[in-house]
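**Student:** need the 3D shape of this:
(chains A, B, C and D)
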Protein chains: 2
Amino acid sequence: MSALPSTARSTYRHGDLREALVAAGVDLARAGGPDAVVLRETTRRVGVSPNAAYRHFADRQALLKAVSDRALGFVADRIEDEVVAIPMTDAATHARSLLRAVGTGYIAFAREEPGLFRTAFSVPDNLASADAPSKAGAGGRTPYQLVGMALDEMLAAGLLPAERRPNAEFLAWSSVHGLGMLVIDGPLRGLTGPMIDHATQRVIDMVERGL
Amino acid sequence: MSALPSTARSTYRHGDLREALVAAGVDLARAGGPDAVVLRETTRRVGVSPNAAYRHFADRQALLKAVSDRALGFVADRIEDEVVAIPMTDAATHARSLLRAVGTGYIAFAREEPGLFRTAFSVPDNLASADAPSKAGAGGRTPYQLVGMALDEMLAAGLLPAERRPNAEFLAWSSVHGLGMLVIDGPLRGLTGPMIDHATQRVIDMVERGL
DNA sequence: CGTATGATGTGTACAGTGTCCACAATGGCA
DNA sequence: TGCCATTGTGGACACTGTACACATCATACG
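**Tutor:** Okay, the predicted model is just below:
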């Protein structure tokens, strides 16, 4: 039992097939977006029969949903990467930097991992489940929560009038999300890196000014 | 030969099979989004063999692209519906109304025809082809052109500084497009009509103020 | 007028997909 | 030890996109 090739499963039971399937699905999504998350190919990569997946997911759509949630967690991770780089300053400057970090991290992820970005938003969602733990990154926060945190700091720093705070997430998120979509699939596709950076900064400026 | 049932094709040649396929594809897209534009089902509806489609489209993706362009034309139509309802006023008010009409028409279409809206943006595009005639509506203008026209009026009316005019389309479009996506598939799904209307107005306000 | 020819549609075939069903192996619990 | 729920397998089916060879027609040209 101890000298089996590491690629082969020594036990009949897989151990954590569900996790392995999600991981394989993420690889497929990374390379080809949501449509590439093909059930049979996913199981093939894990070295298991196609039907094995049905012990862990109701159908292909359920597998895709799990992959999508994982991808949203990666979005959160990428945003947090930007957040930790923010220097210590006064509250107002920090709040603005935070909002900027959320936007730039979001767009950076869209450009670096277009397949995962598309996958993250390919499955219908709603407000009630936007903060489900399955969508959180390593830091335990979802992208939606990160946007909310930035806006809370803006409010606390006096940069956002209290009467405009409710649902301000909608505005900030819409703008940045739209830019991300248009950049990877839409008419803004093919823009050079600097142009996208510039557009990102302008969108964030607009949000800050327009909130 | 003269008493054939009207549902049957009397001639071997179809007449305009390409157009018929696009129309059938639009019906499928309306009901089920881009994934529902299935080549075999499309040809079945037109009453033709699956391979007939290959005389007019290189593959399924090419058919989907044609359907997507058509859907973009419908977006333009919906926007123009809002535009014609604008009353005559002074230039500044008209410019603002125009920008607002573009935004509300865009979001209205997303809500009224989510399947077509998703289909319209499911095929990779780029700036060079954003104004292709195949994407124009009955008025001969593409959605992108309509956004540009609104911004041109804003500029002419002195509501948009000249140095900010270049690429302002990116900002306006990103915000509204993002809202549309989030409303039909994203976390904002399931919001009530009035809430969406309100969010739409706020997003447009933000764009106007932030441009 | 008749016929060659290019354009358009058909039939058959194949690999790949999601999913259903019946069955098999396993490991933990009585 | 023996039972049995859990987890995985194998085979089957309907469906998909698409390649290849063939049939049919519309017309341009002799």
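**Student:** so is stretch A:156-167 next to chain B?
**Tutor:** Yes: contact of stretch A:156-167 with chain B (Cβ under 8 Å from any Cβ of the partner chain) involves A:Asn167. Yep, even glycine has a C-beta here, placed from its N, CA and C like the rest.
**Student:** how far off centre is that stretch?
**Tutor:** From the chain centre to the centre of stretch A:156-167 is a distance of 26 Å (Cα atoms, centre = their mean, to the nearest Å).
**Student:** so A:Ile86 is in which element?
**Tutor:** Assigned by DSSP states H and E, A:Ile86 belongs to no helix or strand.
**Student:** that one is in contact with A:Leu99, isn't it?
**Tutor:** No: judged on Cβ atoms under 8 Å, A:Ile86 makes no contact with A:Leu99 at a distance of 10.6 Å.
**Student:** between those two, which one's more packed in?
**Tutor:** Between A:Ile86 and A:Leu99, counted using other Cβ atoms under 10 Å in any protein chain shown, A:Leu99 has the larger neighbour count: 24 against 14.
**Student:** is the host helix or strand of the more buried one up against chain B anywhere?
**Tutor:** Assigning secondary structure by DSSP H and E places A:Leu99 in helix A:91-112. No: applying Cβ under 8 Å from any Cβ, one finds helix A:91-112 separated from chain B by no less than 10.1 Å.
**Student:** do the same with stretch A:126-145
**Tutor:** Yes: contact between stretch A:126-145 and chain B, assessed by Cβ under 8 Å from any Cβ, occurs at A:126-130, A:144.
**Student:** would you turn those into JSON lines with pLDDT and secondary structure?
**Tutor:** Shown next, in JSON lines, are the residues of stretch A:126-145 next to chain B (pLDDT from 0 to 100; DSSP: H, G, I helix; E, B strand; the rest coil):
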{"residue": "A:Asn126", "pLDDT": "95", "secondary structure": "coil"}
{"residue": "A:Leu127", "pLDDT": "95", "secondary structure": "helix"}
{"residue": "A:Ala128", "pLDDT": "94", "secondary structure": "helix"}
{"residue": "A:Ser129", "pLDDT": "95", "secondary structure": "helix"}
{"residue": "A:Ala130", "pLDDT": "95", "secondary structure": "coil"}
{"residue": "A:Tyr144", "pLDDT": "97", "secondary structure": "helix"}
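**Student:** PyMOL command to pick out the buried ones of those?
**Tutor:** To isolate the buried members of those in PyMOL, using 16 or more other Cβ atoms under 10 Å in any protein chain shown:
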select buried, chain A and resi 127+130+144
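**Student:** can you put the residues of stretch A:126-145 next to chain B in JSON lines and add distance to DNA strand D?
**Tutor:** Supplementary listing: the residues of stretch A:126-145 next to chain B in JSON lines, determined by distance: Cβ to the nearest atom of the strand, whole Å:
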{"residue": "A:Asn126", "distance to DNA strand D": "28"}
{"residue": "A:Leu127", "distance to DNA strand D": "32"}
{"residue": "A:Ala128", "distance to DNA strand D": "28"}
{"residue": "A:Ser129", "distance to DNA strand D": "24"}
{"residue": "A:Ala130", "distance to DNA strand D": "29"}
{"residue": "A:Tyr144", "distance to DNA strand D": "31"}
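**Student:** name the helices or strands packed onto the longest helix along chain A?
**Tutor:** Scanning chain A for the helix with the most residues, using DSSP state H, yields helix A:60-83. With contacts defined as 3 or more Cβ pairs under 8 Å, 6 or more residues apart in numbering or on different chains; DSSP states H and E, helix A:60-83 has these neighbours: helix A:17-32, helix A:39-46, helix A:91-112, helix A:114-120, helix A:143-156.
**Student:** buried ones in the first one?
**Tutor:** Right, the one you point to is helix A:17-32. Buried residues in helix A:17-32, defined by neighbour count with 16+ other Cβ under 10 Å: A:17, A:20-22, A:24-30.
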